[in-house]
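> Can you look at this prediction? I've put the sequence above it.
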Amino acid sequence: MNQQLLAFEQCLRKEEKSENTIKKYLRDVRGFLLSLSKQSVCKQDVMAYKKYLAVRYAPTSVNSMLIAVNRFLRFCGLEACCVRLLKIQRQIYYPEEKELTKAEYMQLVNTAKQKGNERLNLILQAICGTGIRVSELQYITIEAVKKGEAVVSLKGKTRPVFLIKELRKKLLRYAAEQKIYSGAIFITRTGRPMNRTNIWREMKKLCAYAGVSPKKVFPHNLRHLFARIFYSLEKDIAKLADILGHSSIDTTRIYIVSSGNEHRRWMEHMRLIL
């Protein structure tokens, strides 16, 4: 199967999948291949692997892995071995223990500033203030900030991301202090763009000082916060989908699910209990 895996990787690259997507697909497929006791694959093997995953991971994670495995099997001409994904009921509200509030976001930003970590302070504001993915931070360049618009090209799609005046002023001031005159603004000491791992590690470290639960603090939650606040003001899910770079509005719906507390408040305002 090693030859097929190499060919599969080449196929993903030709399709211009992102590096993170390729790594995830390969990791998931390798996990499946390691579970096999023989070189050949049959439907029973895949079904057994599905059961193995189901008792160890959350349903969404299981489906994510199965999507990669099914994609690989189809590539190998083994479509008959593909399995169905787990059925997941649509979530009607977001778990409160995982939802990052605006107040907690502000606490993180202020704490990063107090600790003298201006880069992290601005990374938090750049993600939450624009709704971009952490992998898209590389497109916030000196040139983009001066223009007031970053052009993001990812997953075969291109979209503009507007940078508001206050954010532009902060970024240009920071860049001048760091002697960054062109290219990406958020870079490491060696001059490379900050990656997901760097940022995730710094954010987790910040939690202890800010008094915010680590369960709530990761880059993508900032994107969710942007989406919820934007939708509360605009109520235009189609426009929000375009801003976030989603191909499907169903994906955007996941971002704007209300919290349990908000859900309860709505029920109380209905005044149906006499």
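Looks like it arrived, so ask away. Residues are numbered from 1 along each chain as shown.

> And the helices in the chain?
Counting by DSSP state H, the chain has helices at residues 2-14, 19-35, 43-54, 59-75, 102-114, 118-130, 142-147, 165-177, 196-210, 219-234, 237-244, 249-255, 260-269.

> most packed of these?
Ranked by mean neighbour count, these are led by helix 118-130 with a mean of 21 (mean count of other CB atoms under 10 Å). For every residue, glycine as well, the C-beta is placed using N, CA and C.

> Can you name the residues in contact with that helix?
Helix 118-130 has contacts (CB atoms under 8 Å, 6 or more residues apart in numbering) with 105, 108-109, 112-113, 132, 134, 137, 140, 150, 161-164, 167, 170-171, 174, 177, 185-186, 194, 199, 202-203, 206, 219, 222-223, 225-226.

> what bits of the stretch 1-150 of the chain have low per-residue confidence?
For the stretch 1-150 of the chain, the stretches with pLDDT under 70 are 89-95.

> mind redoing it with 80?
Across the stretch 1-150 of the chain, the ranges flagged by pLDDT under 80 are 1-2, 39, 88-97.

> one step back: redo the helices of the chain as JSON lines? Include distance to residue 88.
Shown next, in JSON lines, are those (distance: least, CB to CB, whole Å):
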{"stretch": "helix 2-14", "distance to residue 88": "25"}
{"stretch": "helix 19-35", "distance to residue 88": "18"}
{"stretch": "helix 43-54", "distance to residue 88": "12"}
{"stretch": "helix 59-75", "distance to residue 88": "5"}
{"stretch": "helix 102-114", "distance to residue 88": "27"}
{"stretch": "helix 118-130", "distance to residue 88": "27"}
{"stretch": "helix 142-147", "distance to residue 88": "38"}
{"stretch": "helix 165-177", "distance to residue 88": "36"}
{"stretch": "helix 196-210", "distance to residue 88": "25"}
{"stretch": "helix 219-234", "distance to residue 88": "18"}
{"stretch": "helix 237-244", "distance to residue 88": "20"}
{"stretch": "helix 249-255", "distance to residue 88": "11"}
{"stretch": "helix 260-269", "distance to residue 88": "18"}
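
> Return the residues in contact with residue 70.
With CB under 8 Å, 6+ apart, residue 70 has these contacts: 82, 83.

> repeat that with 6 Å
For residue 70, the contact set (CB atoms under 6 Å, 6 or more residues apart in numbering) comprises residue 82.

> okay, which residue is most central for this protein?
In the chain, the residue lying closest to the centroid (CA atoms, centre = their mean) is residue 220, at 4.4 Å.

> what's the distance between that residue and residue 145?
23 Å (CB to CB, to the nearest Å).

> Repeat that for residue 11.
From residue 11 across to residue 145, the span is 37 Å (CB to CB).

> just to revisit the earlier point, okay, the closest residue in space to the residue nearest to the centre of the chain that isn't next to it in sequence and residue 192: tell me how far apart.
Using CB to CB, 6 or more residues apart in numbering and skipping the chain neighbours, the partner closest in space to residue 220 is residue 134 (7.0 Å). In this view, residue 134 and residue 192 are 15 Å apart by CB to CB.
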